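Participant: pasting the structure only:
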């Protein structure tokens, strides 16, 4: 799971990723090529950007809904995998090519993308706070138990 800082950096970078060409360029080191179903072109067409880490070289993230998928197999279909795991992604439901959107249409979808980001960041922060509370409670319990 991406940290909040990484997520924020990606989000700011992802506003340029409505362009399929830019998304496809991110797959320069993608391990799956011509004989595979999940080629860079198909990954980009499905809204994905390649965002590998040292431990996970095949992580791809949707620039719009921010879902991260890893463990790709050569026969995986990027569009199908995206729909399966994030059926309400605004990018998947986009009815026209990005370059054909009016300014008003772009504003609406970008506003939704920002809401997705804010929701994800809030969930991550709440999970972090829950963990901190649980750890504090455990420390207090063990301290209390040791004093008895």
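Facilitator: Arrived safely. Source: prediction; values computed, not measured.
Participant: so what does the longest helix belonging to the chain touch, helix or strand wise?
Facilitator: Secondary structure assigned by DSSP state H gives helix 103-147 as the longest helix of the chain. Other helices and strands packing on helix 103-147, by 3 or more CB pairs under 8 Å, 6 or more residues apart in numbering; DSSP states H and E, are helix 4-14. Where C-beta positions appear, they are placed from N, C-alpha and C, glycine not excepted.
Participant: Looking at the helix it packs on now, give me its mean pLDDT.
Facilitator: The average of the pLDDT scores along helix 4-14 is 61.
Participant: Next SSE downstream of it?
Facilitator: Downstream of helix 4-14, the next assigned helix or strand under DSSP states H and E is helix 20-25.
Participant: Can you name the residues in contact with that next one?
Facilitator: With CB atoms under 8 Å, 6 or more residues apart in numbering as the test, helix 20-25 has contacts from 16-17, 40-41, 43-45, 47-49, 63.
Participant: One more pass at 10 Å, please.
Facilitator: Residues from elsewhere that reach helix 20-25, judged by CB atoms under 10 Å, 6 or more residues apart in numbering: 13-14, 16-17, 19, 30, 39-50, 60, 62-63, 97-99.
Participant: and the spatially most central residue of the chain, backbone torsions?
Facilitator: In the chain, the C-alpha nearest the mean C-alpha coordinate belongs to residue 66, at 2.4 Å (CA atoms, centre = their mean). Dihedral angles of residue 66 (phi, psi; degrees, to the nearest 10) stand at phi 70, psi 10.
Participant: Tell me the pLDDT of it.
Facilitator: 90.
Participant: State whether it and residue 116 are indeed in contact, as I suppose.
Facilitator: Yes. In this structure residue 66 lies within contact range of residue 116 using CB atoms under 10 Å: 6.3 Å.
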